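> Sequence first, predicted coordinates after that:
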Amino acid sequence: QQQVRQSPQSLTVWEGETAILNCSYEDSTFNYFPWYQQFPGEGPALLISIRSVSDKKEDGRFTIFFNKREKKLSLHITDSQPGDSATYFCAASRGGNYKPTFGKGTSLVVHP
Amino acid sequence: EAAVTQSPRSKVAVTGGKVTLSCHQTNNHDYMYWYRQDTGHGLRLIHYSYVADSTEKGDIPDGYKASRPSQENFSLILELASLSQTAVYFCASSDEQGYEQYFGPGTRLTVL
């Protein structure tokens, strides 16, 4: 059972455009949603996260929009840069569970 | 300075041989995890541990053993390596709530 789903599987945008990566989940007890960024040959690194009590979280060009009712969230990358080309993982967890659930990732390519 | 290190970074093993992957963290975290990454599957949890000398099964533990001799060290052991275990393996650590994970650089394992 895939509890965290990401779409699209791959995404290509031009430099300067806004990339939108989607994530949905099934378990309503999840209350923390981190996004990880992974470059080829490296381990994933925490990029930005949001708690379920919030509906928006911004960090520079990266913004998470969260819809608790629909169990959906999205990561918006504004003014996309070629250096943003990476795989992005959405994850979900609940405090005390210790085992986050990861989506399968979205591969983003930003063309100059 | 890296907080989670893995060794070796790559390894070629023969089918039926024993493989040990090592992980060391300096985050002072209680929780440590082993994941494997395959194209199209994202990150899948193999084993995790929340205290030294104790390990727990993750979502795909078959064919793997784990060892946590100290808070800082966590090993993944393949007693009889198989072709299907060719993958990239990541170690991670997290705080007591398990919200944010800090990943190592990965070990690329090829079983021939």
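Noted; the coordinates are in hand.

> which SSE is residue 11 in?
In the absence of a named chain, this looks at chain A. Element membership for residue A:11, per DSSP states H and E: strand A:10-14.

> The intended chain is chain B.
Element membership of residue B:11, judged by DSSP H and E, is strand B:10-13.

> Can you list the strands that the helix or strand that that strand is followed by pairs with?
Scanning forward in sequence from strand B:10-13 by DSSP H and E, the next helix or strand is strand B:19-25. Strand B:19-25 pairs in its sheet with strand B:4-7 (antiparallel), strand B:73-78 (antiparallel), by DSSP bridges.

> can I get the CA coordinates of stretch B:45-64 in CSV?
C-alpha atoms of stretch B:45-64 as CSV (Å, rounded to 0.1, in the frame of the first residue of the first chain):
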residue,chain,number,x,y,z
LEU,B,45,13.3,1.1,4.8
ILE,B,46,15.3,-2.1,5.6
HIS,B,47,16.1,-1.9,9.3
TYR,B,48,16.3,0.8,11.9
SER,B,49,17.4,1.2,15.5
TYR,B,50,16.6,3.5,18.4
VAL,B,51,19.2,2.3,20.9
ALA,B,52,22.5,0.5,20.9
ASP,B,53,22.4,-3.3,20.8
SER,B,54,18.9,-3.3,19.5
THR,B,55,17.5,-3.3,15.9
GLU,B,56,14.0,-3.3,14.4
LYS,B,57,12.8,-4.6,11.1
GLY,B,58,11.7,-2.1,8.5
ASP,B,59,9.5,-2.7,5.5
ILE,B,60,11.8,-4.9,3.5
PRO,B,61,14.1,-6.8,6.0
ASP,B,62,14.3,-10.1,4.2
GLY,B,63,17.9,-11.0,3.3
TYR,B,64,19.4,-8.4,5.6
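
> Residues of chain B that sit close to chain A?
By Cβ under 8 Å from any Cβ of the partner chain, the part of chain B that sits against chain A consists of B:4, B:31, B:40-43, B:45, B:48, B:50, B:58, B:90, B:92, B:94, B:97-106. (Glycine included, C-beta is placed from N, CA and C.)

> What's the ChimeraX line that selects buried ones from those?
Buried members of the residues of chain B next to chain A, defined by 16 or more other Cβ atoms under 10 Å in any protein chain shown, are picked up in ChimeraX with:
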select /B:4,31,42,43,45,48,50,58,90,92,94,98,99,100,101,102,103,104,105,106
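
> Using PDB, write out every CA atom in the strand holding residue B:11.
This file holds the C-alpha atoms of strand B:10-13, laid out as PDB (Å, rounded to 0.1, in the frame of the first residue of the first chain):
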ATOM      1  CA  SER B  10      31.000   1.400  -3.600                       C
ATOM      2  CA  LYS B  11      31.400  -2.300  -3.500                       C
ATOM      3  CA  VAL B  12      31.300  -5.200  -5.900                       C
ATOM      4  CA  ALA B  13      30.300  -8.500  -4.300                       C
END
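
> if we can go back for a sec, keep only those of the residues of chain B next to chain A that are in strands.
Those of those mapping onto strands are B:4, B:31, B:42-43, B:45, B:48, B:50, B:90, B:92, B:94, B:101-103, per DSSP state E.

> okay if I get those residues as a markdown table plus pLDDT?
Compiled in a markdown table, those are given as follows (pLDDT from 0 to 100):
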| residue | pLDDT |
| --- | --- |
| B:4 | 97 |
| B:31 | 92 |
| B:42 | 86 |
| B:43 | 92 |
| B:45 | 93 |
| B:48 | 94 |
| B:50 | 90 |
| B:90 | 97 |
| B:92 | 96 |
| B:94 | 91 |
| B:101 | 90 |
| B:102 | 94 |
| B:103 | 96 |
